[in-house]
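Visitor: Structural data only, the sequence is not supplied:
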């Protein structure tokens, strides 16, 4: 496979919601950054949180449209901040959560997004897990059917670790696949947002995990978790690559090599190195780090 074809296969993405945590989110900051990144031409997808009080959907839509950029909007912060739960065993809370995310799907259409990312909700424990999964499937079907009203808009659920750090209902790769396949019996707008860090914290092999779910994966995150449970840094805190954790360029290269041989949802898939700005770094330094790691990974494929 040539360098050009690999570049078409793996489309570089940047998780601006992690590069710009709350303390850096002045009004317009991410939009200004998007303008600069678009001019650079490397990144092909932008991943943002919903900033309902600070962002300008029209400007973001224009930036993406003028530069041929795809856009993912993440509901993670709103789900956590408003105590929402798409898998709640309380039907009232589940319905309220779905209704809230449906309003965000409407907003995503204004932004020109093609993907809205969500989470499964917390793991309620073994006894309630079967019901919670049924509730999650119902929620995903309703969200997928609502997303179908807005052109090419899709919903991607990101599985988390279940017992290590984030403690999400979903969860192990096999269970994630089961939930998405069940939802897709009634909507074709629901996918997975695959993340290597959570897979590793589930004690799974990330290469095998991606092989199992490749055709259901809407996009990929490569992350660097700390797996030592005795460390105060334990968990998936999105550290820079090459520091502290087990997410290395060698591991990521193996994942991408496997992905290049897997059946994918489309002819290409976006991939981001997910790093959070912390420990005195600036958003610019975080973005530069993510870009350089991705450049090296894609260069390796072209050699």
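Guide: Happy to help now that I have it. Source: prediction; values computed, not measured.
Visitor: ok now do the residue lying closest to residue 76 once chain neighbours are set aside, which residues does it touch?
Guide: Counting by C-beta to C-beta, 6 or more residues apart in numbering, residue 76 lies nearest to residue 119, which is 5.8 Å off, once chain neighbours are set aside. For glycine as for every other residue, the C-beta is placed from the backbone atoms N, C-alpha and C. By C-beta atoms under 8 Å, 6 or more residues apart in numbering, the contact set of residue 119 is 75, 76, 79, 86, 157, 158, 160, 168.
Visitor: okay, the last one: pLDDT?
Guide: Reading off the confidence values, residue 168 has pLDDT 98.
Visitor: Looking at strand pairing, list the partners for it.
Guide: Here residue 168 sits in beta bridges with residue 122, going by DSSP bridges.
Visitor: State the distance from it to residue 288.
Guide: Distance, residue 168 to residue 288, using C-beta to C-beta, to the nearest Å: 30 Å.
Visitor: Buried only: go through the contacts of residue 119 for me.
Guide: 75, 79, 86, 157, 158, 160, 168 (16 or more other C-beta atoms under 10 Å).
Visitor: Tell me which helix or strand the residue nearest the centre of the chain sits in.
Guide: A centroid search over the chain (C-alpha atoms, centre = their mean) returns residue 193, at 4.8 Å, as the residue closest to the centre. Using DSSP states H and E, residue 193 falls within strand 190-195.
Visitor: Chain neighbours aside, what residue packs nearest to residue 141?
Guide: Using C-beta to C-beta, 6+ apart, the closest residue to residue 141 is residue 186 (4.6 Å).
Visitor: still on that earlier bit, redo the buried ones among the contacts of residue 119 as CSV? Include secondary structure.
Guide: Output for the buried ones among the contacts of residue 119, formatted as CSV (DSSP: H, G, I helix; E, B strand; the rest coil):
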residue, secondary structure
75, coil
79, helix
86, coil
157, strand
158, strand
160, coil
168, strand
